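Undergrad: Sequence first, predicted model second:
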Amino acid sequence: MKFLTILVVLLCCRLIAAYPIRGRIMCQKGDGLVPLNKAIVAVRDNQGYNLGYHSNTESDKFGKFYLDAISFATTSTLELEVHHLNCGEAQFFKKPFTGADEQYDFGDVVLQS
């Protein structure tokens, strides 16, 4: 029984892996960019699965966000959903997923007000 438990854990570890996702959320205000505090950030894969350990995260006072995400054997695309009540509609940004050993930096994500 102990062997079976270890085998199941090892198989799950091969199917699910964690990796960091980061970026900074900015809002276009006139000719300038303003960092957005408390922008809501969610990450999904090509099949619509939420990849964050929590359903979403918020940006800090500098607009930066960081979350540890998980992936599945079927993950091929990361879709970042960002929205803020004071800066227009929710926007989506995509990146190809190349492996869980990578670090995914979405850089400066700019929302249009």
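TA: Great, that's in hand.

Undergrad: so what's the residue most central in space within the chain closest to, chain neighbours aside?
TA: The centroid of the chain falls nearest to V43 when counting by C-alpha atoms, centre = their mean (3.6 Å). Counting by C-beta to C-beta, 6 or more residues apart in numbering, L51 is the residue found nearest to V43 once chain neighbours are left out, at 4.7 Å. C-betas here are computed from N, CA, C, even on glycine.

Undergrad: show me the contacts for that neighbour.
TA: The neighbours of L51, taking C-beta atoms under 8 Å, 6 or more residues apart in numbering as the test, are V43, R44, D45, A69, I70, S71, T75, L78.

Undergrad: pretty sure D45 contacts F97?
TA: Yes. In this structure, D45 is within contact of F97 by C-beta atoms under 8 Å, at 7.1 Å.

Undergrad: Now do the shared contacts for these two.
TA: Residues within reach of D45 and of F97 at once, by C-beta under 8 Å, 6+ apart, are S71, T75, S76, T77, L78.

Undergrad: And those, which two are furthest apart?
TA: Spatially, the most separated pair among the shared contacts of D45 and F97 is S71 and T77, at 10.7 Å (C-beta to C-beta).
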